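Predicted structure and sequence below. I'll ask about it afterward.
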2 protein chains.
Amino acid sequence: MESEEARPRRRQARGERRMSEILDAAAAVFAEQGYEKTTTNAVAAAAGISPGSLYQFFRSKEAVAQALADRFTVQMRAAHGEAFAPADLAAMDLDDLIDRVVDPLVAFNVANPGFKALFARPDMPPGLATAAGPIQSALLGRVEAILAVRAPGLSAPERTRSARVLVQIFQAMTPVVVAAPEDEREAEVRELKKVLRGYLAPLDG
Amino acid sequence: MESEEARPRRRQARGERRMSEILDAAAAVFAEQGYEKTTTNAVAAAAGISPGSLYQFFRSKEAVAQALADRFTVQMRAAHGEAFAPADLAAMDLDDLIDRVVDPLVAFNVANPGFKALFARPDMPPGLATAAGPIQSALLGRVEAILAVRAPGLSAPERTRSARVLVQIFQAMTPVVVAAPEDEREAEVRELKKVLRGYLAPLDG
DNA sequence: AGAGAATACGAGCAATCACTCGTATTCGCA
DNA sequence: TGCGAATACGAGTGATTGCTCGTATTCTCT
């Protein structure tokens, strides 16, 4: 056994560009049609290539989604910025803290409407869950870290549960924020923050 | 033009029973597989009948979902009970009020796991939205009525928005409650109520 | 009992879709 | 310049699936 399956084929610059174009197209079509209803031929057409060419770069429809997930993960981490210093956290006003965490996440979701079409679907295939996991984990870990500082009275399991609830609230209300017309978005975000604050305030030291 | 399309075929008792059995089967399969992945043949098999027989009673897969939605709507209204008298509402403790509204709804969702598989899917076909609408409207109206009594300071648009947020929170957290193992369900419900309470408390007179 | 309608069957049709394959073209590189 | 590899094509394939149709059985009602 020397070759195995792990020979990712040498790519040219042209190929890398094509892959990126395919992912752009996939994000757009996923966002508009949803994952299940999206046909691979439609993605290829949107990318301006033939069905066969798409499969030169991705082994399957799910592989496209997976790659898109990976790209989102990277972009998300970048958009979200670096973690806060605990000193900042402890000193910060609760409202400021919420603004600071929520605003960039909302901005990311508004800028990438395809994101939720991929990761908010109820039947996440195993491959995708693997890709979505890191995102979820990163968020949860971040929130838990914040809670550890702001609500030191919480036991570890309580902290985990509370973090899960907070993330869940955010993910539940984000679609509405994204779907809202430009001039109502701010109001929706305010509501989202109200909910988060209402849940956090009693925990906050 | 005398016949049109509106002749619903005379049913025998046997037929009504079959329809109910088919809906039972559909609810089970939808709950397990999700709507899209559910095949009509699978529903027929689960109901112990042939594919052809299913189509004696329902014109299409969507018609099955629609009928199931209608049935859920009726059951939900029944499960939820009658509206509160405003006097009760005004006097009641906020925690009691939340218990009183949330508990039956949670119970319904736990008892009917197929419910969310049908109505929580992101791509609701027009026919289904029509069926889901009344449910949503009923809930929203109910919550708005409560807010009108408990938070008289709110303007009408504010009241509408707050009601929407509350319903959204509930619907977002319900799947987790339903999916939770028996012995953790109560804790999940407590979290749900905490979130609702956190959002409501500042509004409550 | 007997007729007509309702119920039941299940093989199969037509359409859809993820994916393949044989072939043609273009690129990187010596 | 020439060669091997990467890229590109798009008609076609096999599998799936919602649904039909011809036919057989069972019910209701007189």
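That came through, no problem.

tell me which parts of chain A are close to DNA strand C?
Neighbours of DNA strand C within chain A, by C-beta under 7 Å from any atom of the strand: A:12-14, A:37-41, A:51-52, A:55, A:59-62. Placement of C-beta: from N, CA and C, glycine included.

switch to 6 Å and redo it
By the rule C-beta under 6 Å from any atom of the strand, the part of chain A lying against DNA strand C is A:12, A:13, A:14, A:39, A:40, A:41, A:51, A:52, A:55, A:60, A:61.

Can you list which of those are found in helices?
A:13, A:14, A:40, A:41, A:51, A:52, A:55, A:61 (DSSP state H).

quick one, what contacts residue A:98?
Contacts for residue A:98 were tallied using C-beta atoms under 8 Å, 6 or more residues apart in numbering or on different chains; they are A:193, A:196, A:197, A:200.

element containing the closest residue in space to the first one that isn't next to it in sequence?
With C-beta to C-beta, 6 or more residues apart in numbering or on different chains as the measure, residue A:98 is the residue that lies nearest to residue A:193, at 5.2 Å, once sequence neighbours are left out. In this structure, residue A:98 sits in helix A:94-111 according to DSSP states H and E.

how close does residue A:53 get to chain B?
Relative to chain B, residue A:53 is positioned 27 Å away (C-beta to the nearest C-beta, to the nearest Å).

What is the least confident helix or strand in chain A?
The weakest-scoring helix or strand in chain A, judged by mean pLDDT, DSSP states H and E, is helix A:86-91 (a mean of 76).

How about the residues of chain A by DNA strand D?
Counting by C-beta under 6 Å from any atom of the strand, the residues of chain A near DNA strand D are A:9-12, A:14-15, A:18, A:49-53, A:56.

Send over the helix holding residue A:98 as CSV, restricted to the C-alpha atoms.
Provided in CSV are the C-alpha atoms of helix A:94-111 (Å, rounded to 0.1, in the frame of the first residue of the first chain):
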residue,chain,number,x,y,z
LEU,A,94,-22.9,44.0,30.4
ASP,A,95,-24.5,45.9,27.5
ASP,A,96,-21.1,46.7,26.0
LEU,A,97,-20.1,43.1,26.3
ILE,A,98,-23.2,42.0,24.4
ASP,A,99,-22.7,44.5,21.7
ARG,A,100,-19.1,43.5,21.4
VAL,A,101,-19.9,39.8,20.9
VAL,A,102,-23.2,40.1,19.0
ASP,A,103,-22.5,42.8,16.5
PRO,A,104,-19.7,41.1,14.5
LEU,A,105,-21.6,37.8,14.5
VAL,A,106,-24.7,39.5,13.1
ALA,A,107,-22.6,41.3,10.5
PHE,A,108,-21.1,38.0,9.4
ASN,A,109,-24.5,36.4,9.1
VAL,A,110,-25.9,39.3,7.2
ALA,A,111,-22.9,39.3,4.8
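
chain center to that helix, what's the gap?
Between the centre of helix A:94-111 and the centre of its chain there are 13 Å (C-alpha atoms, centre = their mean, to the nearest Å).

hey, C-alpha coordinates of the strand or helix carrying residue A:31 in PDB?
Under the criterion of DSSP H and E, residue A:31 resides in helix A:13-33. Taking Å, rounded to 0.1, in the frame of the first residue of the first chain, the C-alpha atoms of helix A:13-33 are listed here in PDB:
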ATOM      1  CA  ALA A  13      -3.700  28.300 -10.200                       C
ATOM      2  CA  ARG A  14      -6.600  28.000 -12.700                       C
ATOM      3  CA  GLY A  15      -8.000  25.100 -10.700                       C
ATOM      4  CA  GLU A  16      -7.800  26.900  -7.400                       C
ATOM      5  CA  ARG A  17      -9.700  29.800  -9.000                       C
ATOM      6  CA  ARG A  18     -12.300  27.500 -10.300                       C
ATOM      7  CA  MET A  19     -12.800  25.900  -7.000                       C
ATOM      8  CA  SER A  20     -13.300  29.200  -5.400                       C
ATOM      9  CA  GLU A  21     -15.800  30.200  -8.100                       C
ATOM     10  CA  ILE A  22     -17.700  27.000  -7.600                       C
ATOM     11  CA  LEU A  23     -17.900  27.700  -3.900                       C
ATOM     12  CA  ASP A  24     -19.200  31.200  -4.600                       C
ATOM     13  CA  ALA A  25     -21.800  29.800  -6.900                       C
ATOM     14  CA  ALA A  26     -22.700  27.100  -4.400                       C
ATOM     15  CA  ALA A  27     -23.100  29.600  -1.600                       C
ATOM     16  CA  ALA A  28     -25.500  31.700  -3.700                       C
ATOM     17  CA  VAL A  29     -27.600  28.700  -4.900                       C
ATOM     18  CA  PHE A  30     -27.700  27.100  -1.400                       C
ATOM     19  CA  ALA A  31     -28.800  30.400   0.000                       C
ATOM     20  CA  GLU A  32     -31.600  30.800  -2.500                       C
ATOM     21  CA  GLN A  33     -32.800  27.200  -2.900                       C
END
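
Which elements pack onto it?
Judged by 3 or more C-beta pairs under 8 Å, 6 or more residues apart in numbering or on different chains; DSSP states H and E, the packing partners of helix A:13-33 are helix A:40-47, helix A:51-57, helix A:61-80, helix A:114-119.
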